[in-house]
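>>> below are the sequence and a predicted model; questions follow.
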Amino acid sequence: MPTLVPEPTLPWNYIAKLVCIGDSGTGKSSLTVRLCEGRFSSSHDVTIGVEFGSRIVPVGPPANASLGMGDPNGAAGHTNSSEQKKMKLSLWDTAGQETYKSITRSYFRGASGALLVFDITRRSSFESVTAWLNDLRQIAEEGIVVILVGNKSDLAAQSTNVEGGTKRAVTKEEAEDWCRRENVVEYVETSAKSGEGVELAFLKVAERIYQNIEAGKYDLNDRRSGVKGYGTGGGREEGKAPRTVNLTMNDAVKSGQSRGCC
């Protein structure tokens with residue numbers, strides 16, 4: 001009898017394009033670097049156009065049980081395979097300056113998910129998120145998964161009444177109300193400096209995209225959907241990430257829940 005050779009484990013099952021958008025100086029690049037490279041730099045050059053990174057994350061059962069996310073489609077988890085699914089996030093960090101908007105908008109096409117980032121200590125960046133969302137929805141495919149991210153929670157935590165202290169300019173309740181009005185999936189607060197909430201924010205986007213895959217909302221052979229399965233279209237993306245690493249979901253959730261989202 002011939003020897004049965006086990007099928008090799010796929011490096012990832014799906015690949016999804018995500019964009020980080022928002023005003024300049026909100027920490028979009030720092031969030032991407034924190035996720036992809038696990039580090040924080042206090043000084044970062046202004047992004048010109050776009051920068052690229054990637055990360056592989058687990059999606060679906062059993063790992064998604066730790067996220068405490070409901071299944072809006074009633075389909076996620078209905079898989080015949082016991083193997084943990086993995087998704088490669090192709091992350092496009094876009095420039096927030098008005099000068100580069102014509103460039104960055106072109107990268108909205110084909111995105112299946114977006115992190116809409118503002119600085120919780122700078123109210124003007126929050127007031128801009130509606131315009132960013134409108135631009136995104138005009139250009140990206142219908143049904144793109146959007147999560148609102150309030151970055152720099154470490155600065156808000158240091159807020160004092162002492163002159164010179166950094167003060168929170170946007171409350172969590174305000175941001176959550178905005179999400180409900182604009183039909184945005186969720187609000188997450190992060191600190192690119194400490195890493196708190198960063199992995200959780202990206203995991204929540206990835207999980208929503210996976211739920212949409214399970215519900216049959218994407219044509220995995222259509223590049224415009226922003227999602228494809230391993231092996232479709234050659235199974236490779238154009239360009240290379242500075243680093244591709246694996247993320248354990250339980251570790252990320254524990255980190256995000258250790259002190260809440262703030």
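Now that the structure is in, tell me what you want to look at. Source: prediction; values computed, not measured.

>>> you'd agree Lys88 is in a strand?
Yes: with the criterion set as DSSP: H, G, I helix; E, B strand; the rest coil, the secondary structure at Lys88 is a strand.

>>> test my guess that it contacts Arg55.
Yes: under the criterion of C-beta atoms under 8 Å, Lys88 is in contact with Arg55, at a separation of 7.4 Å. Heads up, the C-betas are built off the backbone N, CA and C, glycines and all.

>>> now do the lengthiest helix in the chain, average pLDDT.
Among the segments of the chain that qualify as a helix by DSSP state H, the longest is helix 198-214. When pLDDT is averaged along helix 198-214, the result is 94.

>>> quick one: name whatever helix or strand follows that helix.
Scanning the chain past helix 198-214 towards its C-terminal end, the next helix or strand to appear is strand 227-229 (assignment: DSSP states H and E).

>>> quick one: Gln138 from Phe126, how far?
Taking C-beta to C-beta, to the nearest Å as the criterion, Gln138 is separated from Phe126 by 21 Å.

>>> ok, Leu35 - how many residues close by?
Summarising burial for Leu35: neighbours were counted as other C-beta atoms under 10 Å, giving 27.

>>> swap in Ser54?
Taking other C-beta under 10 Å as the criterion, the count of residues near Ser54 is 23.

>>> partner residues bridging it?
Ser90 (DSSP bridges).

>>> hang on, it packs against Lys88?
Yes: Ser54 is in contact with Lys88 according to C-beta under 8 Å; the separation is 5.9 Å.

>>> lowest confidence element among the helices and strands of the protein?
For the chain, the helix or strand with the lowest mean confidence is helix 249-257, at a mean of 41 (criterion: mean pLDDT, DSSP states H and E).

>>> poorly predicted segments of this structure, please.
Per-residue confidence of the chain (counting by pLDDT under 70) places the weak regions at 1-9, 42-51, 70-82, 95-104, 157-166, 232-262.

>>> for Lys41, what are its contacts?
For the record, residue 41 is Ser, not Lys. Residues touching Ser41, when contacts are defined by C-beta atoms under 8 Å, 6 or more residues apart in numbering, comprise 30, 33.

>>> distance of it from Thr32?
In this structure, Ser41 and Thr32 are 12 Å apart, going by C-beta to C-beta.

>>> try Leu67
Going from Leu67 to Thr32 by C-beta to C-beta gives 21 Å.

>>> tell me where the chain has helices.
Using DSSP H, the helices of the chain run over 28-37, 101-106, 123-127, 129-139, 153-157, 172-182, 198-214, 249-257.

>>> residues of the first one that come out buried?
Neighbour counts using 16 or more other C-beta atoms under 10 Å place 28-36 of helix 28-37 among the buried residues.

>>> between these, which is closest to Ala206?
Nearest to Ala206 among those: Leu35, at 11.1 Å, using C-beta to C-beta.

>>> hang on, that closest one packs against Gly197?
No: with contacts counted by C-beta under 8 Å, Leu35 stays clear of Gly197, the gap being 11.1 Å.
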